[in-house]
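Chemist: This is a predicted model, with the sequence first.
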Amino acid sequence: MTTNHDHPPLKRWLTIEDVEREYDFNNNTQARMRRFKQIPFSKVGKNIRYDRLELDQWLENNSIEVGA
């Protein structure tokens, strides 16, 4: 079994900045989607966090089928 030591393991809980960088949803888009409860997130005090597993599942569930 080989392991890839070039990349650290992906962290599960993402900040607003992480989501902007990794998923290309800017801060304003995220804020709007949170306000209308369109995206899964957790909030502790003033800290917003996204669960990578929930975010990936949410993206899969909201995909649009494209006709061939």
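Modeler: Okay, I see it.
Chemist: Now do the contacts for the residue nearest the centre of the chain.
Modeler: Most central in the chain under CA atoms, centre = their mean is Leu55, positioned 4.3 Å from the mean C-alpha point. Counting by CB atoms under 8 Å, 6 or more residues apart in numbering, Leu55 makes contact with 14, 19, 23, 39-40. Every C-beta, even on glycine, is put in place using the N, C-alpha and C of the backbone.
Chemist: Give me the subset of the residues you listed that lies in strands.
Modeler: With strands defined by DSSP state E, the entries of the contacts of Leu55 inside them are Leu14.
Chemist: which of the contacts of Leu55 tops the neighbour count?
Modeler: With neighbours defined as other CB atoms under 10 Å, the most crowded of those is Val19; it has 22 neighbours.
Chemist: From Glu54, how far out is it?
Modeler: 12 Å (CB to CB, to the nearest Å).
Chemist: So, low pLDDT: which residues of the chain?
Modeler: Low-confidence segments of the chain (pLDDT under 70): 1-5, 68.
Chemist: Start from the N-terminal end of it and give the helices.
Modeler: Under the criterion DSSP state H, the chain carries helices at the ranges 16-23, 27-35, 52-61.
Chemist: Columns distance to Asp6 on top of these, output as JSON lines?
Modeler: Supplementary listing: the helices of the chain in JSON lines, determined by distance: least, CB to CB, whole Å:
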{"stretch": "helix 16-23", "distance to Asp6": "17"}
{"stretch": "helix 27-35", "distance to Asp6": "29"}
{"stretch": "helix 52-61", "distance to Asp6": "20"}
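Chemist: Please identify the most buried of those helices.
Modeler: Ranked by average neighbour count under the criterion mean count of other CB atoms under 10 Å, the helices of the chain are headed by helix 16-23 at a mean of 15.
Chemist: which helices and strands does that helix pack with?
Modeler: For helix 16-23, the packing partners by 3 or more CB pairs under 8 Å, 6 or more residues apart in numbering; DSSP states H and E come out as helix 27-35, strand 47-51, helix 52-61.
Chemist: Pro8: which of the ones you listed is closest?
Modeler: Closest approach to Pro8 among these is made by helix 52-61 (13.7 Å; CB to CB).
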